[in-house]
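> Mind folding the following:
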Amino acid sequence: MRSERFGNPTSKGVNIFRGNTIGPIVATLGNSDERFYRGSDAQIAPTVIAAGIRSCEGLEMTSDGAPVIQQKRPSNNDVTPVDTGTAHSDQQAARLGAAVAVMQANRRSAAPASAPTSGVRYPRRWFAPLRAWMVVLPVDLAALVGPILMNPLYLRALGVMAVLTVGLLANGGFYRPRLHLSFLDDLPSLTGRFLVAAGLVACVVALRHDRTSVDGFMRDAAATAVCLLIGRACTTWALRQGRRRNLAVHRAILVGAGTLGAEVATVLGRYPAYGLRLIGYVDTFDRPEARQAGLERLGALDDIVRLMTTHDAEVLLISDPDTTDGRLADLLRTALTLTYDVFVVPKMPQLQTQMTSADHIGAIPIMRIRAPRVGGWRWTLKRTVDIVVSLLGLMVLSPVLAVCACAVAVESRGGVLFRQQRVGRNQRLFNVLKFRTMRPSDETESRTRWSIADDPRVGVVGKILRRTSLDELPQLWNILRGDMTIVGPRPERPHFVERFSAEHQLYAWRHRVPAGLTGLAQVSGLRGDTPISDRARFDNYYIENWSLWLDLKIVLRTLREVFAAAGR
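Numbers count the residues shown, from 1 in each chain. Purely as a prediction, here's the structure:
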């Protein structure tokens, strides 16, 4: 029996053991690798209770420290012990529910033995029903490119107009998932964005060519507009028909089924063109309103991950559940981590007007909650910027680094550089580098003592380096190595991470991204002895609203603070 590891090639992945034809599959809840197993039609039981597996506690361990899990089925002879790693910290795993699950894979659709093993992710959404943009974008491109092929005379002008149009439509959300589809509702915005693109190109053509060229371009632009609008009308009609015929329908679970939730369920049942099929609802108790709407209670909030898996649902529709805001926020983050689509019905829908950007079901406004953009080409670009900036910084600031090193060597008895273990992305440990600013401590004190203002262990040089943040410059090497990034949550010691994660619900969520040299919490005044809950709130806000522009703003604010501190 051979072992294949999917995802990160460390103990934090998921092990699969297969025989010649079939073998048990182990899935760690919350691990995105599970999406691959679901895509290959693997039969996964989401809880240890459902699969009849013993608890992980007290079981023997393998050589690499992973627990041995065995399914208890006397009648099944080919069930064998299976190794598994952990996908999350203990606190996160506890919030996600069961730790692991084992079931036999479907023989006809088991993943091949030669499946790729290096960090490949197969999100389940790609095996889900048709996505709207898969239809809309190709038709838009065909409508925009068609006139170019018919009249190559204005190739460059029409090409630039096509690129601008697609960019403006994408920026306006025309390729995002939407529940309400209406060509007439889209017509004003669609026409306006096309006219902006065409007008900009026409101005350039007018400056560089004669009136005849402008007239010819405008005729082709008008033909393009007609093709674009006809294409949009056809794709909108086709998508609505596909939803009515269950060709583009997404299975959803309603979270909370009070009066408002029951009304949402009634509208969705009456109008299938919204593309959501409600399987049932979860809440703390049975709701009579939901029964009247024909909905079945599937379980409680704690069962949501298991229910989403067993019912093959991919959308969470959150209405008015009987729970606290903190618990609901935790549910949201868990769902987004598992790449589910999440829609929320506001508690005060009467305040939602035309001035908001909410989608709607019937006359009920609804907002889509998007997962933090912590992957894709934007994060590749962020990493590229990290490498370039850190490399240039080490070269340009080498004289400053040398002066700081000499000053530290004169004042400190220890080494120039201070190395300390910190927690990075996905709980990974690394050694952060800093200039030594205080007298050497014993190992226990270094790991567990909290730094405070006016610490007597800090010398004169150390105070200057700390006030100007020059003591952090060696972390440019950490950034170049990939341990850190320029902007992100500041890293903390393992002792305090464990303590703060137990005390503050949101703290562990900071580790979804790499640790940073500077962060939103720091430029917002949250340094030193400031509330940890506030830092966690700012760090998670940064993660969930991340953009390259936000990074740039934080860097500029950091530079302003550094220069202001140097002038004091």
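
> Scan this protein for its longest helix.
Longest helix of the chain, by residue count under DSSP state H: helix 211-244.

> What's the mean pLDDT across the helix or strand where residue 476 lies?
Assigned by DSSP states H and E, residue 476 belongs to helix 475-481. Average pLDDT, helix 475-481: 93.

> Quick check: buried residues in it?
Across helix 475-481, burial judged by 16 or more other Cβ atoms under 10 Å covers 475, 476, 477, 478, 479, 480. Heads up, the C-betas are built off the backbone N, CA and C, glycines and all.

> if we can go back for a sec, could I get the buried residue list for the longest helix of the chain?
214, 216-218, 220-221, 223-225, 227-229, 231-232, 235-236, 238-240, 242-243.

> which helices and strands does that helix pack with?
helix 132-150, helix 155-171, helix 183-208 (3 or more Cβ pairs under 8 Å, 6 or more residues apart in numbering; DSSP states H and E).

> now do 6 Å
Under the contact definition 3 or more Cβ pairs under 6 Å, 6 or more residues apart in numbering; DSSP states H and E, helix 211-244 sits against helix 132-150, helix 183-208.

> Following the chain past the helix or strand hosting residue 386, name the next helix or strand.
Per DSSP H and E, residue 386 falls inside helix 376-396. Remark: after helix 376-396, the chain's next helix or strand is helix 398-411, criterion DSSP H and E.

> Mind checking the pLDDT average for that next one?
87.

> Report the angle between the next helix-or-strand element following that helix and helix 398-411.
Following helix 398-411 in sequence order, the next helix or strand is strand 417-423 (DSSP H and E). Per axes from the mean of the first three to the mean of the last three Cα atoms, to 10 degrees, the angle that strand 417-423 makes with helix 398-411 is 100 degrees.

> buried set for strand 417-423?
418, 422, 423.

> And stretch 466-475, by the same measure?
466, 468, 469, 470, 471, 472, 473, 474, 475.

> Could I have the CA atoms of that stretch written out in CSV?
Below are the C-alpha coordinates for stretch 466-475, written out as CSV (Å, rounded to 0.1, in the frame of the first residue of the first chain):
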residue,chain,number,x,y,z
ARG,A,466,13.3,51.1,18.5
ARG,A,467,12.0,54.7,18.2
THR,A,468,13.0,54.9,14.6
SER,A,469,12.1,51.2,13.8
LEU,A,470,15.7,50.7,12.5
ASP,A,471,15.9,47.5,14.6
GLU,A,472,13.4,45.9,12.2
LEU,A,473,15.6,46.4,9.1
PRO,A,474,17.2,42.9,9.3
GLN,A,475,13.7,41.5,8.6
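
> quick one on the thing from earlier: between the buried residues of strand 417-423, which is closest to residue 523?
For the buried residues of strand 417-423, the closest approach to residue 523 (Cβ to Cβ) belongs to residue 422, at 19.8 Å.

> Now do that closest one against residue 328, distance only.
Residue 422 sits 31 Å away from residue 328, going by Cβ to Cβ, to the nearest Å.

> Next: residue 167.
Taking Cβ to Cβ, one finds residue 167 at 36 Å from residue 328.

> Where among the helices and strands packed on helix 211-244 is average confidence lowest?
Among those, helix 132-150 scores lowest, with a mean of 81.

> helices or strands next to that helix in the packing?
Against helix 132-150 (3+ Cβ pairs under 6 Å, 6+ apart) you get helix 155-171, helix 211-244.

> Buried deepest among the helices and strands packed on helix 211-244, which one?
helix 132-150 (a mean of 17; mean count of other Cβ atoms under 10 Å).

> give me the number of residues near residue 497?
The number of residues packed near residue 497 is 21, by other Cβ atoms under 10 Å.

> quick one: the closest residue in space to it that isn't next to it in sequence from residue 517, how far?
Spatial nearest neighbour of residue 497, excluding adjacent residues (Cβ to Cβ, 6 or more residues apart in numbering): residue 423 at 4.6 Å. As judged by Cβ to Cβ, residue 423 and residue 517 stand 16 Å apart.
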